[in-house]
Structures are given as C-alpha cells and as structure tokens.
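Enquirer: Sequence first, predicted model second:
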Amino acid sequence: MPVRLPRALRFLAALFLLAPLAACGGGDEAQPEATPEDVDQSTPVAITDEERAKFTPPTDSVLSEAQVTGYLKTSLLSFDLVRKEAQGIHARVQEMEKREKEGGTLGQLRNVVAAGQTMYQVGDLIGGSYIRSARTLGYNPAEMEWVRERMAEVSGYLMMKPMYEASLKSAADMRTQAEELRTQLAAGGAAGFTEGDIQQMIANADEMEANARSQGASRTVMANLEVLRRIRPAVTEAMWGTIGFAGGASGLVALTGLSDPKDTEAQKKLDDFRRVFEDALANRVSPGMENAPAQPQG
C-alpha cells in the first residue's frame, strides 16, 4: 500500500516553495548584520539553561529600544535562514513524491524514513531559526524570546483595539440615550418607560464598559506601545500589529493562502510581509499601511 506524505509536510513544502520568492521584496537599507551563511545550525535549537540564566526580565516588563531593534533584526535573519534552507527541504520532498509515484516496497520504506527526517528538519528549521539567528547576531536568545512575547502582547491588543473601542462607544451611546429618556420622562414624555428602565439601561452600559476595559490592554502593554511609538514614530499601529503577530519565522506558517505555490497573490503577500519588518527597522511607514487597521498584513 503506497505511503502518503504527511499532510503537514505537504503544506510546509508548499510554503517553502514560496520562501525564495520573498527574497526579491524590499530594499537594502535595513538588512540584518549577518547572512544565513553565518548561522551555525549545529547550535541547540532551543534556548539553553545558561542563556536563560544570563537574562533577567525587567520587573516592569517594559521594552527598550535596543531590544526592539534586536527583535526586528533577528526576525529578518530568521526569515532569510528559512529561505536558504527551503530549497533543500523542497528537493527532498520532490524526491519522496517521485518514489511514491514509482511505487515499490523499497521506495516506500525509504519514504517512511525520509518523511520522519524531513518533518524533524522542518520543525527544527522553523522552531530554531529565530533562536539561532539571535545567537548569530550576538543577542541572548532568552532575551529575544522574551521580547517576542511582549511584541505579541502589543499585537494582540492592537488587533482587538477596534472591538474595545466599539464596545466603549456603545456603552457611552446607551448611557446618553438613558439620560435623554430620563429628561423626557421628567417632562411627561417617554411613554412606556419608567425610571427603573432607565436605571437598567445605565447599569447595562456600565457593565458593557467594565467588560471592555477588563479585556483591554494592561499597563505593561500600553507602556510598551508607547515605547514603540517613541523609538520609531513613523511606524504605524498596523505595522506593529503585523510585526508582533508574525513572531519571527513561525509567523509564516500562521499566514493563510501560502499552501498553493501557484498563488501569485500569496507570493506578493509574503514579499510585503517581510518589507514591513524592513520598514520598521528603518523607521518608515510601509506603503498602504499609513491608516490601515492593525491586522496581520501581507
């Protein structure tokens, strides 16, 4: 019975087909200070205990300018590392698919072994590219991982911000309506309404506002957002939302529309995606993201 390639492996192979195409996007003004060839892939794929011991997060969890810069540079090098390794992984998958079509017991057994090795290589590449890129650039991976988490928190807030603001506006509108009804009731109008109804409307508005504020940003998130605005004033909230969402190379997997190598729109999105990181590093706004909502952009 033929051995089918794992679905996840097929998806990632299609994803990697697009990766080399992304290299043509963006300018040269804000490139990382290293290349994929500089990355030592024999180093651990995970953060070591020694690296963790050398980094103590600040008590206020507020980012510094140097940490944000390190995050942007690490992510860019991570993207480039994925691109560099993509061709070899895809070549292996193509060979597996060839053996699958040819059939034969030996070919099937070789595919079983190769599939496991390739899945491990894919996981190692995506999971370790950010960590190894940080080491190559001279950053502590433990610190850069902590920065990535803070950036993800800011991104989550920015993406939900329109919903929070809409809830607060609805609460304010409901409270205004209740006060208008109270005025009409005092003047002998507002037929069918009682003071109890008005008080219930105000209570509902208060609850809606409280829920919105409880689900909004923490002080730390707002402090980090202010840091980002201060150190790179040209970068928009839409760009920070995209950058935080990406979270380094793993963000490529989370984006939709990349499973079809013939999807030219997905290829363009991947180019644009990397350009956002380049533009943020150079403190300039990405085209089309001047007033865009803070959602993952491509």
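Expert: Sure thing, it's come through.
Enquirer: tell me, which helix in the chain spans the most residues?
Expert: helix 141-186 (DSSP state H).
Enquirer: packing partners for the helix or strand just after that helix?
Expert: Counting by DSSP states H and E, the next helix or strand C-terminal to helix 141-186 is helix 195-214. Counting by 3 or more C-beta pairs under 8 Å, 6 or more residues apart in numbering; DSSP states H and E, the packing neighbours recorded for helix 195-214 are helix 141-186. Placement of C-beta: from N, CA and C, glycine included.
Enquirer: and the helix it packs on with helix 195-214, angle?
Expert: Relative orientation of helix 141-186 versus helix 195-214 (axes from the mean of the first three to the mean of the last three C-alpha atoms, to 10 degrees): 170 degrees.
Enquirer: which strands and helices sit next to helix 141-186?
Expert: Partner elements for helix 141-186 (3+ C-beta pairs under 8 Å, 6+ apart): helix 49-53, helix 65-102, helix 105-136, helix 195-214, helix 219-231, helix 237-246.
Enquirer: and the ones you listed, which one is worst for confidence?
Expert: In terms of mean pLDDT, the lowest-scoring of those is helix 105-136 (a mean of 61).
Enquirer: Do I have it right that Phe151 meets Ile243?
Expert: One thing to correct before we go on: residue 151 is Met, not Phe. Yes - using C-beta atoms under 8 Å, Met151 makes contact with Ile243 at a distance of 6.5 Å.
Enquirer: Could you check which of the two has the larger neighbour count?
Expert: Set Met151 next to Ile243 and count neighbours by other C-beta atoms under 10 Å: Ile243 wins out with 29 against 25.
Enquirer: what mean pLDDT does the longest helix of the chain have?
Expert: 88.
Enquirer: got the angle for that helix vs helix 237-246?
Expert: 130 degrees.
Enquirer: relative orientation of helix 141-186 and helix 219-231 in degrees?
Expert: Using the same axes, to 10 degrees: helix 141-186 against helix 219-231 is 110 degrees.
Enquirer: Pull the number of nearby residues for Thr74.
Expert: 29.
Enquirer: Verify the stated contact: it with Arg135.
Expert: No - contact criterion C-beta under 8 Å: Thr74 and Arg135 do not qualify, at 9.4 Å.
Enquirer: How far does stretch 133-151 stretch from one end to the other?
Expert: 17 Å (C-alpha to C-alpha, to the nearest Å).
Enquirer: Show me what it is in contact with.
Expert: Identification of contacts with stretch 133-151 by C-beta atoms under 8 Å, 6 or more residues apart in numbering yields 32-34, 38-40, 43, 47-48, 51-52, 54-55, 57, 61, 63, 67-68, 70-71, 73-75, 77-78, 81, 130-132, 220, 224, 240, 243-244, 247-248.
Enquirer: List buried members of these by neighbour count.
Expert: 32, 34, 39, 47, 51, 61, 63, 67-68, 70-71, 73-75, 77-78, 81, 130-132, 224, 240, 243-244, 247-248 (16 or more other C-beta atoms under 10 Å).
Enquirer: Can you pull out the residues in contact with stretch 174-193?
Expert: 194-195, 197-198, 201-202, 204-206, 208.
Enquirer: rerun that using 10 Å as the cut-off
Expert: The contact list for stretch 174-193 (C-beta atoms under 10 Å, 6 or more residues apart in numbering) reads 194-195, 197-206, 208-209.
Enquirer: What is the neighbour count of Asp173?
Expert: Neighbour tally, Asp173, other C-beta under 10 Å: 11.
Enquirer: got the contact list for it?
Expert: Ala205.
Enquirer: mind redoing it with 8 Å?
Expert: Not one residue lies near Asp173 by C-beta under 8 Å, 6+ apart.
Enquirer: What separation do you get for it and Ala166?
Expert: Distance from Asp173 to Ala166, counting by C-beta to C-beta, to the nearest Å: 10 Å.
Enquirer: What of Phe273?
Expert: 27 Å.
Enquirer: and what of Asn224?
Expert: Here the criterion is C-beta to C-beta. By it, Asn224 lies 23 Å from Ala166.
Enquirer: cool, and Arg274?
Expert: Separation of Arg274 from Ala166 (C-beta to C-beta): 32 Å.
Enquirer: Can you add neighbour count and distance to Glu145 and give the contacts of stretch 174-193 back as CSV?
Expert: Output for the contacts of stretch 174-193, formatted as CSV (neighbours: other C-beta atoms under 10 Å; distance: C-beta to C-beta, whole Å):
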residue, neighbour count, distance to Glu145
Thr194, 11, 58
Glu195, 12, 56
Asp197, 15, 53
Ile198, 20, 52
Gln199, 12, 50
Gln200, 12, 48
Met201, 18, 47
Ile202, 17, 46
Ala203, 11, 44
Asn204, 15, 42
Ala205, 19, 41
Asp206, 13, 40
Met208, 17, 37
Glu209, 18, 36
